[in-house]
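Peer 1: I need the structure of the sequence given here:
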Amino acid sequence: MSSEESSPRQDPSPSVRNPSPPPAEMLGEGVDLHADHIGDTAYSKHWFFTTLMNLIQEVEKKEQTEVRKEGDEEAEAAGIDIDEDLENELCKLWDMSINKDVARFLQEFHAVNILLGVINKSRAPRVTEICVGILGNMACCEEICKEISNNEKLVDVVLAMLEDPDAPTLVEATRLVHTCVSNKDVRTNWLTPMKRNNSVYTAILFMLQSSTNVDLLHNLSALLDLLLDVDEELLVTWATPEFVQGLHEAIVQTGEEKELTVDSYLHCLQLLSTTENGVQALVECTGVLFRLLTAHLARVCGEDVIAVGGRERSLASAMSVLNVLFSSAGEEGLVLLEKNSSCVECVMQLFEVIQEDRRTSMTLAVAGTSHKSTPVSTPRSSRHRTEDKLDSETNGTGTRTCAEGSPKTDSSQSHDAGAGKSEDRGKSQDAMPVVRNLMEVHMLYSVTIELLADIVKSLPKGESAVTGYLNSCTRDQIESMVLALQDHTDNTLISHLEEVLSGSENKFPRLAASIGMDAS
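Peer 2: Okay, the predicted model is just below:
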């Protein structure tokens, strides 16, 4: 990766340009300047040595000279301030550390231990943020990720850092943990202390419930999605009403425009629904969750033309959890639908689009070409598990780092480590995009028809508001549902619908006509 790509803090002024190699007189006459370069880059080894040494000296100086007197604001400031010139140099180093040659050079220079020592000694939040950010960049190299993860002291320090009140530091700490847990060879080194120490759960819960930092909420969503997906014990242990409420608060705070972040949080809810403890926790939050999930479907249906491409997982997660809540409510399930009257309409609208996408995907799969729904919405890569090798140019959360500590997100990227690589949208380079697309569409289709089947099974005989909601849908939507119900494994669905409509054909003519009942 070029230096321009690795440094989002570009500035044309000389003060922030990439550092030049040291002058020849500094190296000695006759010395080849290229010997000071790191790999194929133009970065200077000497500059890195100098910057790291200056950092160590600054921290040690602060440690020796601080006068720790309670209530002495001037003394407190002395421990928090950092020399501005040194901060600028450290930010440059942070930018450059995303380059794999630089990261490996830093590893050879024992930068991991140096940065750990600085983190332990420094009281300056900005220094801590930068050091953790550098470690996060270095961890994108697999061998360095293993070195970091095998350092028990470093793991403990980073996990304890999740309780830090400084949001920028938390942004980098969650990114570093995600990057390391994404490596299946060393994730146990992080999961074991997480399960042993309840403070990690407490810290995460606090962030979910109170954070307003969009970058932190994004990184946290990717981390939780990964943790709950790869560790069954954490999934069961963290399945509490408080955790579900925290996920709800995080989604509300994030806002629907951050689709990738919301996608991860919705998938967390869906993962919780796969355990008994999780279902109980979800049911205790039925009221707020049902409104939230219905609003999510309504936002998609509110677009000029509905497109599900790239939203398969988030929609499947939302409908799956809605079905769990609806089914668990028993006789109150219909009351839930009446209170959230747009739910049935949205599910029916989406199902019509999903069914068409499914037919098209199957046709194109036979032809060996990939498919996107019409209108085209940029598909996101598969985000089910993060077990691929880490890409050295991503930070493990589908974001590229910047020295200010704010990851730049791209809605076309996933939290998969391998998702940093671009795809040729609309053209299949091999069979995998076609298969993945077909699987995602089929998964969404299956979840949606199960929700509709459960709604139909719950309909009482005669008039009901929910039956009216179904009848108010378009003929095409109703026919799509009926055709799918006829193919459902539960062969009593159509006969039950006939029983529901018996004697009320004139009140629900579209439904009656769709199953061949005379509405005259």
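Peer 1: any idea which element the most centrally placed residue in the chain lies in?
Peer 2: The chain has residue 222 as the residue nearest its centroid, 3.0 Å off, counting by Cα atoms, centre = their mean. Counting by DSSP states H and E, the element that carries residue 222 is helix 214-230.
Peer 1: chain center to the next helix or strand after that helix, what's the gap?
Peer 2: Using DSSP H and E, the helix or strand that follows helix 214-230 in sequence is helix 232-237. Distance, stretch centre to chain centre, for helix 232-237: 19 Å (Cα atoms, centre = their mean, to the nearest Å).
Peer 1: what lies in contact with helix 232-237?
Peer 2: Contact partners of helix 232-237, identified using Cβ atoms under 8 Å, 6 or more residues apart in numbering, comprise 191, 194, 195, 201, 227, 228, 271, 272, 274, 275, 277, 278. Every residue, glycine included, has its C-beta placed from N, CA and C.
Peer 1: and the next helix or strand past the helix or strand of the chain with the lowest mean pLDDT?
Peer 2: The weakest-scoring helix or strand in the chain, judged by mean pLDDT, DSSP states H and E, is strand 408-409 (a mean of 33). Using DSSP H and E, the next helix or strand after strand 408-409 towards the C-terminus is helix 431-458.
Peer 1: buried stuff in that following helix?
Peer 2: Going by neighbour count (16 or more other Cβ atoms under 10 Å), the buried part of helix 431-458 is 433-434, 436-438, 440-445, 447-456, 458.
Peer 1: residues contacting the residue lying closest to residue 508 once chain neighbours are set aside?
Peer 2: Nearest non-adjacent residue to residue 508, counting by Cβ to Cβ, 6 or more residues apart in numbering: residue 471, 4.1 Å away. Listed by Cβ under 8 Å, 6+ apart, the contact partners of residue 471 are 478, 507, 508, 509, 510, 511.
Peer 1: now which of the residues you listed would you call buried?
Peer 2: Buried members of these, counted by 16+ other Cβ under 10 Å: 478, 508, 509, 510, 511.
Peer 1: could you export these as JSON lines, including secondary structure, distance to residue 497 and pLDDT?
Peer 2: Converted to JSON lines, these look like this (DSSP: H, G, I helix; E, B strand; the rest coil; distance: Cβ to Cβ, whole Å; pLDDT from 0 to 100):
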{"residue": "478", "secondary structure": "helix", "distance to residue 497": "11", "pLDDT": "94"}
{"residue": "508", "secondary structure": "coil", "distance to residue 497": "10", "pLDDT": "94"}
{"residue": "509", "secondary structure": "helix", "distance to residue 497": "14", "pLDDT": "94"}
{"residue": "510", "secondary structure": "helix", "distance to residue 497": "12", "pLDDT": "94"}
{"residue": "511", "secondary structure": "helix", "distance to residue 497": "7", "pLDDT": "94"}
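Peer 1: any chance of these in CSV, plus distance to residue 157?
Peer 2: Listed next are the buried ones among the contacts of residue 471 as CSV, based on distance: Cβ to Cβ, whole Å:
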residue, distance to residue 157
478, 59
508, 64
509, 68
510, 63
511, 62
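Peer 1: please identify which of these is nearest to residue 255.
Peer 2: Checking the buried ones among the contacts of residue 471 against residue 255 with Cβ to Cβ, the nearest one is residue 478 at 33.6 Å.
Peer 1: just checking, that closest one touches residue 509?
Peer 2: No: the criterion here is Cβ atoms under 8 Å, and residue 478 misses it with residue 509 at 10.5 Å.
Peer 1: what's the helix or strand containing residue 88 packed up against?
Peer 2: If you go by DSSP H and E, residue 88 is part of helix 84-96. Judged by 3 or more Cβ pairs under 8 Å, 6 or more residues apart in numbering; DSSP states H and E, helix 84-96 is in contact with helix 3-6, helix 45-65, helix 125-138.
Peer 1: deepest in the core, which of the ones you listed is it.
Peer 2: Of all those, helix 125-138 has the most neighbours on average by mean count of other Cβ atoms under 10 Å, namely a mean of 26.
Peer 1: list the buried residues in stretch 478-489.
Peer 2: Neighbour-count burial for stretch 478-489, with 16+ other Cβ under 10 Å as criterion, is recorded at 478, 479, 480, 481, 482, 484, 485.
Peer 1: report the angle between whichever strand or helix holds the last one and helix 431-458.
Peer 2: Looking back up the chat, that one is residue 485. In this assignment (DSSP H and E), residue 485 forms part of helix 475-486. Put simply, helix 475-486 runs at 90 degrees to helix 431-458, going by axes from the mean of the first three to the mean of the last three Cα atoms, to 10 degrees.
Peer 1: kindly export helix 475-486 (C-alpha atoms) in CSV.
Peer 2: The C-alpha trace of helix 475-486 is given here as CSV (Å, rounded to 0.1, in the frame of the first residue of the first chain):
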residue,chain,number,x,y,z
ARG,A,475,-53.2,-9.2,-4.8
ASP,A,476,-49.7,-10.0,-6.0
GLN,A,477,-48.4,-9.9,-2.4
ILE,A,478,-51.2,-12.1,-1.1
GLU,A,479,-50.8,-14.6,-4.0
SER,A,480,-47.0,-14.8,-3.3
MET,A,481,-47.7,-15.6,0.3
VAL,A,482,-50.4,-18.2,-0.5
LEU,A,483,-48.1,-20.0,-3.1
ALA,A,484,-45.4,-20.2,-0.5
LEU,A,485,-47.8,-21.4,2.2
GLN,A,486,-48.9,-24.2,-0.2
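Peer 1: and the helix or strand following that helix, average pLDDT?
Peer 2: Once helix 475-486 ends, the next helix or strand along the chain (criterion: DSSP H and E) is helix 493-501. For helix 493-501, mean pLDDT rounds to 94.
Peer 1: how about stretch 325-336?
Peer 2: 95.
Peer 1: so what touches that stretch?
Peer 2: Contacts of stretch 325-336 (Cβ under 8 Å, 6+ apart): 279, 282-283, 286, 289-290, 293, 337, 343, 451, 454-455, 458-460, 464-466.
Peer 1: show residues contacting stretch 194-214.
Peer 2: So stretch 194-214 is contacted by 159-160, 162-163, 167, 170-171, 193, 216-217, 220, 224, 227, 231, 233-234, 237-238, 242-243, 245-247, 249-250, 253-254, 258, 261 (Cβ under 8 Å, 6+ apart).
Peer 1: show the buried residues in those residues.
Peer 2: Here, 16+ other Cβ under 10 Å leaves 159, 162, 167, 170-171, 193, 216-217, 220, 224, 227, 231, 234, 237-238, 243, 245-247, 249-250, 253-254, 258, 261 buried among the contacts of stretch 194-214.
Peer 1: export the helices and strands packed on helix 84-96 to CSV and tack on mean pLDDT?
Peer 2: Output for the helices and strands packed on helix 84-96, formatted as CSV (pLDDT from 0 to 100):
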stretch, mean pLDDT
helix 3-6, 41
helix 45-65, 86
helix 125-138, 97
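Peer 1: distance to residue 146 for the ones you listed - can I get that in TSV?
Peer 2: Shown next, in TSV, are the helices and strands packed on helix 84-96 (distance: least, Cβ to Cβ, whole Å):
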stretch	distance to residue 146
helix 3-6	22
helix 45-65	22
helix 125-138	11
